[in-house]
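Asks: Predicted model, plus sequence, below.
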Amino acid sequence: MGNSGSFAIGINIAAFAVITDLKLGMAVSILPFVFNSILILLTVFFIGKKASVSFDGKRLVSDHKRSLVTLITYKRPLTERQVVTIISFLLVLSTAIGILAEMLY
């Protein structure tokens, strides 16, 4: 899909959140994406290198902490399925917290 498609989806989700007055829940639920973007931007601006993950045939391996994926694979190598599961869990957790915040607010 690429960046244009991702931006279009993000704009639609943000517009839906504004129209339905779910701004707090949306802000909380996108925290993993914001955290990942901040890590990547700070790395590029201050270190001057892009985050990268190497694949050794079975597992994803990283020797630095420059993005969400490299942060997850820094301590121990993980399979792609495990990385996707961890990121999905983080998204579900942040969305659940966002829903709770909307219900309590």
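Replies: Yes, it's here.
Asks: Just the pLDDT for the most centrally placed residue in the chain.
Replies: Relative to the mean C-alpha position of the chain, the nearest C-alpha, by CA atoms, centre = their mean, is the one of F33, at 3.4 Å. Looking at F33, its pLDDT reads 81.
Asks: give me the element it is part of.
Replies: helix 31-42 (DSSP states H and E).
Asks: So which bits of that helix are buried?
Replies: Neighbour-count burial for helix 31-42 flags 31-32, 36, 39-40 (criterion: 16 or more other CB atoms under 10 Å). C-beta coordinates here come from the backbone N, C-alpha and C atoms, glycine included.
Asks: ok, those residues vs A101, which is closest?
Replies: L31 (11.0 Å; CB to CB).
Asks: Once you drop chain neighbours, what's closest to K50?
Replies: With sequence-adjacent residues excluded and distances taken as CB to CB, 6 or more residues apart in numbering, K50 is closest to V44, at 6.4 Å.
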